[in-house]
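> My questions concern the predicted model and sequence given below.
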Amino acid sequence: MQKLKVNDTVQILAGKDKGKQGKIRSINYKTNRVLVEGVNIVKKAIKPNQQNQQGGIVDMEKAVHISNVALLDPKSGKPTRVAIKTIDGKNTRVAAKSKAEIK
C-alpha cells in the first residue's frame with residue numbers, strides 16, 4: 001500500500017515553495033516525484049507548433065521530489081507522517097500524529 005495517493009492534500013517541506021499546500025495531481029514512483037497543483041511553477045520556452053501557433057514562454061508545473069512533501073493531518077491540518085495499520089483485516093493509512101484514518 002502506498003503512503004501517498006492522487007488527490008491527497010500535501011504541504012511542501014523544502015525548496016522555493018516551502019510551506020505551500022496543494023493536491024497531488026500525479027505520482028511517478030519510478031523517479032520518486034510528485035506533481036502538486038499550484039506548486040513549483042517554472043517558465044518554459046515553447047516552439048511554435050500546430051496547437052500553439054505563436055510559441056513563446058509558458059508557465060508550467062514541474063514535479064517535486066516525494067521526500068519534500070508531507071501529507072496533511074485530517075484533524076489538525078498540519079503535516080504528518082503516514083502509518084499503515086490493519087483495521088478489520090484491511091490495511092488503512094493513518095496519520096502518525098493524531099492517529100486519524102486517512103480516506
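Arrived safely. This one's a predicted model, so the numbers in the text were calculated from it and none came from an experiment.
> switch to C-alpha atoms for all contacts and neighbour counts from now on
Noted.
> Tell me how far the residue nearest the centre of the chain lies from residue 45.
Closest residue to the average C-alpha location of the chain: residue 24 at 3.7 Å, with CA atoms, centre = their mean. Residue 24 sits 25 Å away from residue 45, going by CA to CA, to the nearest Å.
> Contact partners for residue 85?
Contact analysis of residue 85 by CA atoms under 8 Å, 6 or more residues apart in numbering lists 91-94.
> Let's have the residues you listed in a markdown table, adding pLDDT.
A markdown table is the format used below for the contacts of residue 85 (pLDDT from 0 to 100):
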| residue | pLDDT |
| --- | --- |
| 91 | 94 |
| 92 | 95 |
| 93 | 95 |
| 94 | 95 |
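> of those residues, buried ones?
92-94 (16 or more other CA atoms under 10 Å).
> In helices, which of these fall?
Per DSSP state H, helices hold no members of the buried ones among the contacts of residue 85.
> Return the subset of those lying in strands.
92-94 (DSSP state E).
> Which element is encountered next along the chain beyond the strand ranked longest in the chain?
Criterion DSSP E: the longest strand present in the chain is strand 21-28. Downstream of strand 21-28, the first helix or strand assigned by DSSP states H and E is strand 33-36.
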